[in-house]
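give me coordinates for this.
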Amino acid sequence: MQIKDVVLAPGNGAFFYDDQAAIRGGATLDSLIYLGEPITPGFTSIRVPASSLSIGLSLTDGTVVWGDMMGVQYSGAGGRDPLFETAQISDLTSRVMVPRLLDVDASLYLDACAKVFEPFEHQRLPMAVEYGVSQALLRAAAHLERMTMAEIICAEFDLPLPKCRVPIYCQSGDAREINVDKMILKAVDVLPHGLINSRQKFGVDGQTFMGFVKWVATRTREIGRPGYHPVLHFDVYGWIGQEIGLEPQRIADFICKVADTVPDFTLNVECPADFGSTQAQIENYAKIVSILDNRGSSARIVVDERCNTLEDIRLFAEAKATHLVQIKTPDVGSIADTARAVLLCKANKVGAYVGGSCTETDLSAQASVHVSVATQADMMLAKPGMGVDEAFSIVGNEQNRLLAMLNRRRAQAENVG
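Modelled structure (predicted):
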């Protein structure tokens, strides 16, 4: 038994937990604070500082390896787990997870995950618990086997050691203009998200949004280095459907209209509409995807809302109800399920984007990089936070270090051979 003790430490997430229902209902943004009363259960105000809980596994050689638990920015929305409460999660972890962790072989990653994530009182454990504990177990296996976390994933899922970098995608938050400039100057692969999460930002008939899309394309040409040609990715938080109606044909028409304004770019539109349930989302997104494909549009639909768990992802991928799935890591639960989700998307010829949330931490972001690179996802989110610089350096540098290690490993193997 390699785990001899478990340590818990409360911490901070990198941004805030926000009440999406209140924001969609028209809450006014006053600098960083939303004015008005919260709607979603658990929220005492519309914007709450993100909290986290670190779990440390003390191994028999004295090493302590860590993972971080947290919720996503829009907790409690679209079928997600409720707002993350550190005290509740800490209590559950101490009572349920610690005895299980002390009873597994930490060198067997998937086997350990399967044992510690058994249902409790006939219910699945909170996704945040699975997420943080699975990170710690992945680090434990990597330490015990003297490998990188990516190599553990490759070994467990019978994958070849990766050689290629995964494109990095940055999100701007509300500081759109300055953060777009940062992304362009740093030659980010996919940008800018834009946080189009209110009627004010979307505009009447989407005019404000369309103007922003055109501005991003123009700005890219103005200040980007020669040959720089990013993918443009905008998250509209369902506002196309809210503003112009929930008719797939009209939504597809609007998306084509936006794509036509930036013909030289690939356009990703995340969460064009929220149809109220996973099944309705699948049926209507499939129609939108079909319309766009039949027209030969360069626009791609990205699913986020109503696609949370591995099972949800399977349903969307098999129904071809999206071009690209955001695998929102804290919502998926175990980071082993993030790996499964990428492979499932690839098997169904659907794009896999390892996302997550601005509320995450440096540790969860680094673990996500290893899973993304090991499974060769189509892109991965620069996280945590909304500042661009920090997230891009955390994720980018971790990827570069990992690829350098893997290249060294390959060279050593060749020399031995």
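
from here on, contacts and neighbour counts on C-alpha atoms
OK.

dump the lengthiest strand in the chain to CSV, restricted to CA.
Looking across the chain with DSSP state E, the single longest strand is strand 3-18. Provided in CSV are the C-alpha atoms of strand 3-18 (Å, rounded to 0.1, in the frame of the first residue of the first chain):
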residue,chain,number,x,y,z
ILE,A,3,-0.7,5.8,0.4
LYS,A,4,-0.1,6.1,4.1
ASP,A,5,-1.9,9.4,4.9
VAL,A,6,-4.2,12.0,3.4
VAL,A,7,-3.9,15.8,3.9
LEU,A,8,-6.6,18.4,3.0
ALA,A,9,-5.9,22.1,2.5
PRO,A,10,-8.6,24.7,1.7
GLY,A,11,-7.7,27.0,-1.2
ASN,A,12,-8.8,29.6,-3.8
GLY,A,13,-10.0,29.1,-7.3
ALA,A,14,-8.6,31.5,-9.9
PHE,A,15,-11.8,33.5,-10.6
PHE,A,16,-15.4,33.5,-9.3
TYR,A,17,-18.5,31.3,-9.2
ASP,A,18,-21.3,33.2,-11.0
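
I'd like to know which elements it is packed against.
Here strand 3-18 touches strand 47-59, going by 3 or more Cα pairs under 8 Å, 6 or more residues apart in numbering; DSSP states H and E.

tell me the strands beside the following helix or strand past the strand it packs on, with direction?
Once the chain leaves strand 47-59, the next helix or strand it forms, by DSSP states H and E, is strand 64-69. Its sheet considered, strand 64-69 pairs with strand 47-59 (antiparallel) by DSSP bridges.

orientation of the partner strand relative to strand 3-18 in degrees?
Orientation of strand 47-59 against strand 3-18 (axes from the mean of the first three to the mean of the last three Cα atoms, to 10 degrees) gives an angle of 170 degrees.

what residues sit buried inside strand 47-59?
Neighbour counts over strand 47-59 (16 or more other Cα atoms under 10 Å) mark 47-48, 50-59 as buried.

and the strands in the stretch 51-200 of the chain?
Counting by DSSP state E, counting those that start in this stretch, the stretch 51-200 of the chain has strands at residues 64-69, 168-169, 190-193.

so which of the ones you listed is nearest I178?
Proximity to I178 (Cα to Cα) singles out strand 190-193 among the strands of the stretch 51-200 of the chain, at 10.9 Å.

so how far is the longest strand of the chain off the chain centroid?
Distance of strand 3-18 from the chain centroid (Cα atoms, centre = their mean, to the nearest Å) equals 18 Å.

parallel or antiparallel, which strands does it pair with?
strand 47-59 (antiparallel).

might you list the low-confidence residue ranges for the protein?
1, 417 (pLDDT under 70).

domains in it, by residue range?
3-157, 168-409 (automatic domain parsing).

please convert those domains to JSON lines, extending it with distance to N415.
JSON lines is the format used below for those (distance: least, Cα to Cα, whole Å):
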{"stretch": "domain 3-157", "distance to N415": "19"}
{"stretch": "domain 168-409", "distance to N415": "10"}
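
distance of G13 relative to L363?
11 Å (Cα to Cα, to the nearest Å).

with neighbour numbers in mind, choose between those two.
G13 (25 against 18; other Cα atoms under 10 Å).

wait, isn't that one in contact with D362?
No: when contacts are counted by Cα atoms under 8 Å, G13 is not listed as touching D362 (9.2 Å).

now do the buried residues in stretch 216-235.
Neighbour-count burial for stretch 216-235, counted by 16+ other Cα under 10 Å, picks out 216-217, 220, 224, 229-235.

taking these together, which two end up most distant?
Spatial extent of the buried residues of stretch 216-235 (Cα to Cα) is set by the pair G224 and D235 at 22.1 Å.

of the strands of the stretch 51-200 of the chain, which is nearest S393?
Closest approach to S393 among these (Cα to Cα): strand 168-169, 10.5 Å.

so what does that closest one touch, helix or strand wise?
Packed against strand 168-169 by the contact rule (3+ Cα pairs under 8 Å, 6+ apart) you find strand 190-193, strand 379-381, helix 389-416.

got the ones you listed as a markdown table, with mean neighbour count and distance to V180 columns?
A markdown table is the format used below for these (neighbours: other Cα atoms under 10 Å; distance: least, Cα to Cα, whole Å):
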| stretch | mean neighbour count | distance to V180 |
| --- | --- | --- |
| strand 190-193 | 25 | 6 |
| strand 379-381 | 27 | 15 |
| helix 389-416 | 16 | 11 |
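
turn those into a markdown table, including distance to A27.
Formatted as a markdown table, the helices and strands packed on strand 168-169 follow (distance: least, Cα to Cα, whole Å):
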| stretch | distance to A27 |
| --- | --- |
| strand 190-193 | 21 |
| strand 379-381 | 27 |
| helix 389-416 | 28 |
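
how are the helices of the stretch 251-400 of the chain distributed by residue range?
All helices of the stretch 251-400 of the chain, identified by DSSP state H, counting those that start in this stretch, fall at 278-295, 310-318, 329-332, 335-347, 362-375, 389-416.

and the fourth one, what does it pack against?
Packed against helix 335-347 by the contact rule (3+ Cα pairs under 8 Å, 6+ apart) you find helix 127-145, helix 310-318, strand 324-327, helix 329-332, strand 351-354, helix 362-375.

CA atoms only for that helix - export them in CSV, please.
Only the C-alpha atoms of helix 335-347 are listed here, as CSV (Å, rounded to 0.1, in the frame of the first residue of the first chain):
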residue,chain,number,x,y,z
ILE,A,335,-9.7,13.2,-15.1
ALA,A,336,-9.5,9.6,-16.4
ASP,A,337,-13.0,10.2,-17.8
THR,A,338,-11.6,13.3,-19.6
ALA,A,339,-9.1,10.9,-21.3
ARG,A,340,-12.0,8.6,-22.1
ALA,A,341,-14.0,11.5,-23.5
VAL,A,342,-11.3,12.6,-25.9
LEU,A,343,-10.9,9.0,-27.2
LEU,A,344,-14.7,8.6,-27.5
CYS,A,345,-14.9,11.8,-29.6
LYS,A,346,-12.1,10.7,-31.8
ALA,A,347,-13.8,7.3,-32.4
